[in-house]
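1. how does the following fold in three dimensions:
(chains A and B)
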Protein chains: 2
Amino acid sequence: MRARDLAEPFPTVSLDDQALDAARLLAEHRLPGLLVLDESGHPRAVLPASQLVRMLVPGYVIEDPSLAAVIDEAHADRLCDELTGVSVRECLPRDAPAPAVASDDDTAVEVAALMARTRSPLVAVVQRPAGRRGTSGGGELLGVITASNLLHRLLGNA
Amino acid sequence: MRARDLAEPFPTVSLDDQALDAARLLAEHRLPGLLVLDESGHPRAVLPASQLVRMLVPGYVIEDPSLAAVIDEAHADRLCDELTGVSVRECLPRDAPAPAVASDDDTAVEVAALMARTRSPLVAVVQRPAGRRGTSGGGELLGVITASNLLHRLLGNA
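-> Residues are numbered from 1 along each chain as shown, chains lettered A, B, ... in the order given. Below is the predicted model of the structure:
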């Protein structure tokens, strides 16, 4: 069982996509995060849904949660307006780590080890140019292996 | 819109449940994590799927990923055997943070602020005894609000 056999389609956005569209994609698929691709289509980061929620909340409320209660229902209904005109790039934390990336011919154990080491809920699978290895995002994206899907496949024999 | 209106059913396990059953639950629902309840049914921790994957991988492979390639396919098929006889309690990292917990009458903005502050992909909603507030896990569990579900509800008006 190789990474290419485990990889599944997964919603992606690019750095210049609108944050509002990213939020809709997350909401529609009920995903905990999206894979963000750079200009070349290589995995660049994972955008957690909680990060988009963070963009909606005024800074003074994050600093002092007791102030959340002063925001009335009418304003709450317009919270998502905060995402209008904002790009995915602007939502990514400055220290957003690069996503875990496996090569298409990595074994299930190599993928599991990568996931365990990075404590990442998903691993992007790319097709490496022959002879090239490593954890950088280069290479064509084939799909994503989530931790729950890996468990699903490994449990098939348990 | 209050936390009680946003809360949805979410799979939970208890500390003494079998890790193998937790893995099956994660795999079946394709979830990134499960909510772990203590002996009194209060939210105690979130068990990430990646943590269960970590339990499958021999320590020497996590230390030195190049050793993953020496594990053959036959052994890979039996990786999930590692979870047999292991409890959820034994899988939780020692430093597993307490889950984010909201009261049933918190507003959507308060839930968003809590999620933003804790960078948590989910918030457990509990019914507080009258007059009691705080972020501890006490109180009966009503359900869970995931970041993507919160976005879904907030986008309803965007």
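
2. for chain A, identify the residue most remote from the centre.
-> The centre of chain A is farthest from one residue, A:Val70, which by CA atoms, centre = their mean lies 32.3 Å away.

3. look up how far A:Leu79 lies from that residue.
-> 14 Å (CB to CB, to the nearest Å). The C-beta positions use only the backbone N, C-alpha and C, and glycine is treated the same way.

4. again, but for A:Leu47
-> Where A:Leu79 is concerned, A:Leu47 sits at a distance of 18 Å (CB to CB).

5. cool, and A:Leu15?
-> 23 Å.

6. again, but for A:Glu63
-> 17 Å.

7. okay, those two: which has more neighbours?
-> A:Leu79 (23 against 10; other CB atoms under 10 Å in any protein chain shown).

8. was I right about the more buried one contacting B:Ala112?
-> Yes. At 7.0 Å, A:Leu79 counts as touching B:Ala112 under the criterion of CB atoms under 8 Å.

9. joint contacts of these two?
-> The contact sets of A:Leu79 and B:Ala112 overlap at A:56-57, B:154 (CB atoms under 8 Å, 6 or more residues apart in numbering or on different chains).

10. which residue ranges of chain A form helices?
-> Secondary structure of chain A (DSSP state H): helices at A:3-6, A:19-29, A:49-56, A:59-63, A:73-76, A:88-91, A:108-118, A:147-155.

11. of all those helices, which one comes closest to A:Glu140?
-> Nearest to A:Glu140 among the helices of chain A is helix A:3-6 (11.4 Å), distances taken as CB to CB.

12. for the closest one, give me every contacting residue.
-> For helix A:3-6, the surrounding residues in contact (CB under 8 Å, 6+ apart) are A:102-108, A:110-111, A:123, A:125, A:127, A:142, A:145, A:149-150, A:153.

13. make it 6 Å
-> Under the criterion CB atoms under 6 Å, 6 or more residues apart in numbering or on different chains, residues A:102, A:104, A:106, A:111, A:125, A:142, A:145, A:153 lie in contact with helix A:3-6.

14. now swap in stretch A:17-31 and tell me
-> A:11, A:13, A:34, A:49, A:52, A:83-84, A:86, A:88, A:91, B:148, B:151-152, B:155.
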